[in-house]
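>>> Take a look and give me a structure for this.
(2 chains)
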2 protein chains.
Amino acid sequence: MTGAAGDTAVDGAAGPTLSPQEKADLHAWWRAANYLAVGQIYLLDNPLLRRDLVPDDVKPRLLGHWGTTPGLNFVYTHLNRVIRQQDVDAIFMAGPGHGGPAAVASAYLDGTYSEFYPHITPDEDGLRALFRQFSFPGGIPSHVAPETPGSIHEGGELGYVLSHAYGAVMDNPDLIATAVVGDGEFETGPLAASWHANKFVDPVHDGAVLPILHLNGWKIANPTIPARIHRSELEALLTGYGHEVFTVEGDDPEVLHEVMATTMDRVIGRIRQIQQAARSGSATGRRPWPMILLVTPKGWTGPKMIDGLQYEGTWRSHQVPLTATRSNDEHRAMLQDWMRSYRPEELFDADGTVVERIRALAPAGDRRMSANPHANGGLLRKPLRLRDFRERGVPVSAPGASVHEPTRVMGDYLLDVIRENPDNFKLVGPDETASNRLDAVYQVTDKVWQGEITELDEHLAHSGRVVEVLSEHTCQGILEGYLLTGRHGLFSCYEAFIHLVDSMFNQHAKWLKVTNGIGWRAPISSLNYLLTSHVWRQDHNGFSHQDPGFVDHVMNKKAEVVRAYFPPDTNTLLSTIEHCLGTEQYVNVIVAGKQPCFDWLSPDEAGFHCARGLGIWDWASNEAGDPDVVIACAGDVPTLEALAAVSILRTELPELRIRFVNVVDLMRLQDDSEHPHGLSARDFDGVFTTDRPVIFAYHGYPWLIHRLTYRRTGHANIHVRGYQEEGTTSTPFDMVMMNDMDRYHLVIDVIDRVPSLRSHAAQLRQRMVDARARARRWTRDHGDDIPEVRDWTWAGAMGSDEGVPAAGALSDTSADFSPADAMPRN
Amino acid sequence: MTGAAGDTAVDGAAGPTLSPQEKADLHAWWRAANYLAVGQIYLLDNPLLRRDLVPDDVKPRLLGHWGTTPGLNFVYTHLNRVIRQQDVDAIFMAGPGHGGPAAVASAYLDGTYSEFYPHITPDEDGLRALFRQFSFPGGIPSHVAPETPGSIHEGGELGYVLSHAYGAVMDNPDLIATAVVGDGEFETGPLAASWHANKFVDPVHDGAVLPILHLNGWKIANPTIPARIHRSELEALLTGYGHEVFTVEGDDPEVLHEVMATTMDRVIGRIRQIQQAARSGSATGRRPWPMILLVTPKGWTGPKMIDGLQYEGTWRSHQVPLTATRSNDEHRAMLQDWMRSYRPEELFDADGTVVERIRALAPAGDRRMSANPHANGGLLRKPLRLRDFRERGVPVSAPGASVHEPTRVMGDYLLDVIRENPDNFKLVGPDETASNRLDAVYQVTDKVWQGEITELDEHLAHSGRVVEVLSEHTCQGILEGYLLTGRHGLFSCYEAFIHLVDSMFNQHAKWLKVTNGIGWRAPISSLNYLLTSHVWRQDHNGFSHQDPGFVDHVMNKKAEVVRAYFPPDTNTLLSTIEHCLGTEQYVNVIVAGKQPCFDWLSPDEAGFHCARGLGIWDWASNEAGDPDVVIACAGDVPTLEALAAVSILRTELPELRIRFVNVVDLMRLQDDSEHPHGLSARDFDGVFTTDRPVIFAYHGYPWLIHRLTYRRTGHANIHVRGYQEEGTTSTPFDMVMMNDMDRYHLVIDVIDRVPSLRSHAAQLRQRMVDARARARRWTRDHGDDIPEVRDWTWAGAMGSDEGVPAAGALSDTSADFSPADAMPRN
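Predicted coordinates for the structure are as follows:
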């Protein structure tokens, strides 16, 4: 399966692939790209080296990564050739993302850079500006970045290039994503897992990924594993990942250009064979996809030796090989020799413009990889066709009168989304779609799977809207790649384990933040998370499955890109998902349960409540603008416990004036100066009061509520109950008791914080203490929740019909702020 | 390289491995383990099935995972055999950790369980208690957990079993860690990367890992990738990972016992051959380590069909196959038939005690895998020999009079640690040890590496204390495994990318919290992180490398297990690392820079300051117990900027009384009711005052300081500057300016918050605004920091020697609390 380096036969054709002129031209492009890369790293001035370098020509702080750059330039050079010759629709993704100078150099050579950044002109002034801005204050970072034309893959954290590439080609049947995998990156977990993403690419409806494993042998200070195992072991590994390996190896450009050109033709040919076979229906089973193993020296064409030490071909050329080029004349002379070795006088004309012979090597227009619209996916993005969530809403005759599993009903809504958007929406998850009860989608689609399919399997097919792989990293990477190329999607995941992608979320949120400031980047769809199987219902999974902290992590990123929602029931979940799927440039985190949950709000009420983001529930309150206490909640289980506490208080202490507030959109709690969703001080104080105790039952770690309400006038009165890392094996009610967020404890909190109750309600307080002890004992004895809790209903607890307003009682005449004051839902 | 299933020849020996009696005995153990597993999942009573099951015999809530369990039991059965016959020192690690019933069953069969938990007696009452406690309130979780004898690997999040196993065997030359890898877990990134951990195991000084890839074919609701690619592809992949594959495949126990026994003998033999060859010096290069590919049905021996659907051999047996055993008589009868199929009457005697014939199959004493002391590593742990950090301290003639790179000097300290602890300390990192400037350690050790070593390589060797692999997941997993088996270590990592292991940290912190409550678990060494290359010095890496939020994530875990330190200079870093390396049962996070940094404190002062955790720096203050303003800081760059701000204020506004507070131990800020390190209200108020403005320059996201000081009297006066996600390409000072944490902005903050200054210092305020604009322009023009900042020194800025107290000025006569009041440093 391995193509030999010296084998220039192209599927039966004979003779060299390149004419001498073609080879010289390719080499000229490569020299130009390398020259531009070195110039970016070192030079402030004298960009064409028309005079000898002086100290002030060199940047005072030399920052950048040379080592990977010439290899990336080599790949780019040859991709341009095959794109031109075969009209390939390709994008370029640099896994070794520190090679920013390479991507920028090629974007400059093909003209895109000056189109996007008109001040970087195609002449000597432009060259000077191009060099100066690199890793310079106010300029561009040293790695491939949102600022880089043609990029959908930030060069920051390593490991995501393949999953991004696979996401990009899904539902883009003509696209080839060329993904250079660094041999350092190769060692990371996310990258190692993502090789298997080829099991989820459908050769009929999807495009192809061309992985190019670039073995330059070294990381920062060490050799790489794939470079130091037997080549046969590495080839076995890549074969095992499902690839046919074509090797291009050497350090003589004269030879390598020919081998690379031949290999490029072969791998593109192989991709087309696989696709044509599948699309014509003549394919029999999964075939290995081609990949290139490119073995070239690190820092290729750079200084071979510096101060007696080998640089080219070692880790020493990872960053900046010559570091003292301002102060050390010898180093500066070496830099000059190095740059002149690319013969700039042949590459640029008298004005400093790239010579036409080189320019002509670039593909035309959108075929230029730097200008390919797939890499600016917002340009191609079509809004999702979304139905009104009310069509899937569940009828609610009275609050708490019925029960649904919220995510199961959401599955019905997603079914509609998939049916009406059959080629630009993906649902991804780590083998949890059914466990998270979204399996209604299988009525209209399947799980995509290129592995063997047996008669035992259900809903597995060669194409489908659902991608399930037991790697949160691969799920996230595929979805990111899909969104960045202008499509839509949702990632459903167990709440506790979404922390696996904390770091990927960081990078994506930073990408969104930066692209908000780049005019030529069109907005992309939001990254939507549904976090379910959440902390409060980990009955058998226990402590290791309890962590509601992803939202805390998300909150550290810029307010302009993050949103968090805690719908308390089925209809509010539907309203939330409809909203989130329609947004752009955000990360939306939705936390919702899959277990049976009372329905509190009708579809219309839910839409109204979610539009406001938070609000007073009149039917649960018994005050007319002047409460003794505010009971607030966010999350499905907290809402249940808070309402149960209200039912106890209203029965036992009918004179106590209670305001009940439910929060769906957590960002509403912040000040409007801190978050676009934030409530004004007037609105917040109107809902929460400035001087009454607020007992707040929250889904996650309590302090997040404090953080969000930190600047509020009544902040000192807010008392939060939430998750405290006390969990162990328990029943649902035992779990909330362990964390002091149960109904009985909330009643105790009210008694302890409303001054008039302290003596007055001492007896009730003791009964609550006793009720907790009794409930605890019951679970220990019976292994289940005590019937008084398990069988509780709002209507039953409120004792009579008067206590239970009919549905629709949630009115806009409340003390709450009016919808007209609400922020637009964005 | 692949052993065939039917090939029973053992390296030349002929005939069957097992006698009929041996085979029957092994089968009896396996039946007993399966019986105990099913009993745990279902039964409250009637543990021996001496009467027909009635509804109340069955648990009301059926929670657990059957699917993986029989396979785990099968492996355990055969490991016991080979341990007995060949006196193998082995531990068992269940990657498919949901198979908790398996690990518990075998620990009960070999007697360990009753030794650790005397109330679980070896008789019918004990059986009843054993069954009842499983996934029952107040009982044990459904997966392998800290409570499980013999476990160092929690069954929660998937993907870490191999890295844990590799960590366990390092420096344990006689130990074999048998690691069952689930085929679902196989898809995860951390697991995929960790196969290559075999490149860091030295066959001379380390033990061996025996991976057993258990292909039962299914996850929760999907087939697994390795089960649905061609077997030749899977074998190529495993070969590529560096293994010789021995396959055991089938569903007939009669055949499989023989094949498994034969294979076990062969793989143990192969491990010993490799080790003996390496240890005798006769080895020539790395040899592939053996592994077992075990292919058996999911839910093996469980119900084949339920309600017309296939269960055994499908995903349907993943959790609890019969769910209605209380209400559905037919299901209950099927459960009874299933349990009776194991013939309990042959397994337990009249008292319900395991029959001697089965008991005798367990290894003796500590050779029982459930009792192996390596799996309770604290028992074997020897404290590190640690030198007084002052021996490596740097002399400090006056504050700020000299400069060192803190982590570089820390490298000298680690050199001592390694020299004096040559076989129980590991330094792990993702190719960043040299980049993080800890390379002094290479004076006494090397980086362990079993790949090819060339003449270009430096400090690579077949054994060594340093493990470098470009996978934070593998680094963390190896270190966890090493610590859990009773040794010591440090993980050094770029600050931004430590988020990659957020989720692994979660699981480890939960493990520590739970083990604190388990009497038989001996304490293990703390998990120490050095986070460097931090957010404030990402000059060329830029925005994608900026995230100081790991500490925020850590703070969500129990106060009893987490610690965070921000040493401001070299000597305080040395003091901190000495302290942390001596602790047990914590996660210590140390954030420190690698760039040149002023020395503020002498070694003795540093020791004193770190023992207190925070304190007033008298030499930077000019008040005598009644400051107008408190300037506080935590972190090296914030300390620099805060001192520079003080130098401006003391020069420009000499009448302003400033108190300067530096915080090393962040937990000191919390109330002593919330964290064991917390200061009492009296001490905190004594340092920070209750009513003066506090301007706090903090290394990370500002709100963490608010969170920690939330309950403090003067909390409303604390104004925090920190990182705000504004970074882009910049110089060091530009970076702090972008985040408003620079010296000029801190001066502005003081002016804006000290009422007397508002009009009085308006001119100075404007000069600060101008200075910022000037500094910004300078960086844009010159690409470097403005000289007035770059060349600033404390002594120079304070104008004369009077302003610069001699070293030693940090006295215990300050207004600060005295060391006697300090919490013990733990």
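>>> contacts and neighbour counts: CA atoms only from here.
Fine.
>>> outside of the helix or strand bottoming out on mean pLDDT in chain A, which residues touch it?
Lowest on mean pLDDT, DSSP states H and E among the helices and strands of chain A sits helix A:757-760, with a mean of 88. With CA atoms under 8 Å, 6 or more residues apart in numbering or on different chains as the test, helix A:757-760 has contacts from A:I751, A:D752.
>>> Now the phi/psi pair for A:V58, please.
Phi and psi for A:V58, reported as degrees, to the nearest 10, are phi -100, psi 140.
>>> ok, now A:L309?
Torsion angles, degrees, to the nearest 10, at A:L309: phi -110, psi 140.
>>> helix or strand right after the least confident helix or strand of chain A?
helix A:762-782 (DSSP states H and E).
>>> Could I get the buried residue list for that next one?
A:L764, A:R765, A:M768, A:R772, A:A775, A:R776, A:R777, A:W778, A:T779, A:R780 (16 or more other CA atoms under 10 Å in any protein chain shown).
>>> and what of stretch A:229-236?
A:I229, A:H230, A:E233, A:L234, A:E235, A:A236.
>>> Would you confirm that the third one contacts B:E244?
It stands for A:E233. No - assessed by CA atoms under 8 Å, A:E233 is found out of contact with B:E244, at 11.3 Å.
>>> Up against chain B, what does the stretch 51-200 of chain A have?
Taking CA under 8 Å from any CA of the partner chain, the part of the stretch 51-200 of chain A that reaches chain B is made up of A:59-61, A:63-64, A:135-143, A:154-157, A:184-185, A:187-194, A:196, A:199.
>>> So for the closest residue to chain B within the stretch 451-600 of chain A, what's the nearest residue that isn't a sequence neighbour?
Nearest residue of the stretch 451-600 of chain A to chain B, counting by CA to the nearest CA: A:S471, 4.5 Å away. Excluding the flanking residues, the one nearest A:S471 by CA to CA, 6 or more residues apart in numbering or on different chains is B:T188, at 4.5 Å.
>>> tell me the contacts of the one you found?
B:T188 sits in contact with A:G189, A:P190, A:A193, A:L470, A:S471, A:E472, A:H473, B:L158, B:G159, where contact means CA under 8 Å, 6+ apart.
>>> distance of A:L256 from chain B?
24 Å (CA to the nearest CA, to the nearest Å).
>>> and that residue, helix, strand or coil?
With DSSP: H, G, I helix; E, B strand; the rest coil as the basis, A:L256 sits in helix.
>>> for the one 4 residues further on, same thing?
When classified by three-state DSSP, A:M260 comes out as helix.
>>> for the residue of the stretch 451-600 of chain A closest to chain B, what are its contacts?
So A:S471 contacts A:A193, A:P430, B:E187, B:T188, B:G189 (CA under 8 Å, 6+ apart).
>>> Nearest to A:T729 among the residues you listed?
Top of the list for closeness to A:T729, among those and by CA to CA, is A:P430 at 24.1 Å.
>>> So that closest one is in contact with A:Q476, correct?
No - with contact defined as CA under 8 Å, A:P430 does not reach A:Q476; the gap is 9.8 Å.
>>> burial count for the residue nearest to A:R408 when sequence neighbours are not counted?
In space, and not counting its chain neighbours, A:R408 is closest to A:R437: 4.8 Å by CA to CA, 6+ apart. Neighbourhood size, A:R437 [other CA atoms under 10 Å in any protein chain shown]: 21.
>>> ok, now which ones touch A:R437?
So A:R437 contacts A:T407, A:R408, A:G411, A:K594 (CA under 8 Å, 6+ apart).
>>> Buried by neighbour count: which residues of the helix or strand the second one falls within qualify?
For A:R408, the host element (DSSP H and E) is helix A:406-420. Of the residues in helix A:406-420, those scored as buried under the neighbour-count criterion (16+ other CA under 10 Å) are A:406-419.
>>> Measure how buried the closest residue to chain B within the stretch 701-826 of chain A is and give me the count.
Of all residues in the stretch 701-826 of chain A, A:S730 sits closest to chain B, at 4.1 Å by CA to the nearest CA. Counted with other CA under 10 Å, residues neighbouring A:S730 total 31.
>>> Next: A:E115.
16.
>>> can you check the one 3 residues further on too?
A count of nearby residues for A:P118, using other CA under 10 Å, gives 11.
>>> Tabulate the contacts of A:S471 (CSV), appending distance to A:L512 and pLDDT.
Shown next, in CSV, are these (distance: CA to CA, whole Å; pLDDT from 0 to 100):
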residue, distance to A:L512, pLDDT
A:A193, 25, 98
A:P430, 24, 95
B:E187, 29, 98
B:T188, 27, 98
B:G189, 25, 98
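>>> Compute the distance between A:H374 and chain B, please.
Counting by CA to the nearest CA, the gap from A:H374 to chain B is 22 Å.
>>> which stretches of the stretch 101-250 of chain A form helices?
Remark: helices assigned in the stretch 101-250 of chain A by DSSP state H, counting those that start in this stretch are A:112-116, A:124-133, A:161-169, A:189-194, A:225-228, A:231-240.
>>> try the stretch 251-400 of chain A
A:253-279, A:329-340, A:344-347, A:356-359.
>>> Could you do the stretch 551-700 of chain A as well?
Counting by DSSP H, counting those that start in this stretch, the helices of the stretch 551-700 of chain A are A:570-581, A:603-612, A:636-652, A:681-688.
>>> what residue ranges in the stretch 701-826 of chain A score low on pLDDT?
Within the stretch 701-826 of chain A, the segments meeting pLDDT under 70 span A:727, A:800-826.
>>> go with 50
Within the stretch 701-826 of chain A, the stretches with pLDDT under 50 are A:801-826.
>>> which bits of it sit near chain B?
Listed as neighbours of chain B in the stretch 701-826 of chain A under the rule CA under 8 Å from any CA: A:701, A:703, A:706-707, A:725, A:728-731, A:734, A:779-780, A:782-784.
>>> Among these, find me the one that's closest to A:R270.
Of these, the one sitting nearest to A:R270 (CA to CA) turns out to be A:Y701, at 52.8 Å.
>>> What residues does the closest residue in space to the closest one that isn't next to it in sequence make contact with?
Nearest non-adjacent residue to A:Y701, counting by CA to CA, 6+ apart: A:Y723, 5.0 Å away. Taking CA under 8 Å, 6+ apart, we find A:Y723 in contact with A:P548, A:Y698, A:H699, A:G700, A:Y701, A:P702, A:N739, A:M741.
>>> how about 10 Å then?
A:535-536, A:546-549, A:697-703, A:735-736, A:738-741, B:556 (CA atoms under 10 Å, 6 or more residues apart in numbering or on different chains).
>>> Confirm that it sits in a strand.
No - per three-state DSSP, A:Y723 lies outside any strand segment and is coil.
>>> and A:L573, how far is that from A:V259?
Counting by CA to CA, to the nearest Å, the gap from A:L573 to A:V259 is 56 Å.
>>> Tell me which of these two has more neighbours.
More crowded of A:L573 and A:V259, by other CA under 10 Å: A:L573, with 28 against 25.
>>> dump the residue contacts of the residue nearest to A:T68 when sequence neighbours are not counted.
Leaving aside its chain neighbours, A:T68 sits nearest to A:G99 (5.8 Å; criterion: CA to CA, 6+ apart). Residues counted as contacts of A:G99 (CA under 10 Å, 6+ apart) are A:37, A:64-73, A:142-144, A:155, A:319.
>>> Sort those residues by pLDDT and name the bottom one.
The lowest pLDDT within the contacts of A:G99 belongs to A:G155, with 80.
>>> residues near A:S402, how many?
Neighbour tally, A:S402, other CA under 10 Å: 16.
>>> next one: A:Q21
9.
>>> What of the one 10 residues further on?
The number of residues packed near A:R31 is 24, by other CA under 10 Å.
>>> Report the buried residues of the helix or strand harbouring it.
Secondary structure from DSSP H and E places A:R31 in helix A:20-42. The neighbour-count check on helix A:20-42 (16+ other CA under 10 Å) flags A:23, A:25-42 as buried.
>>> okay but A:S525 is in contact with A:N424, surely?
No - A:S525 is beyond contact range of A:N424, at 11.1 Å (criterion: CA atoms under 10 Å).
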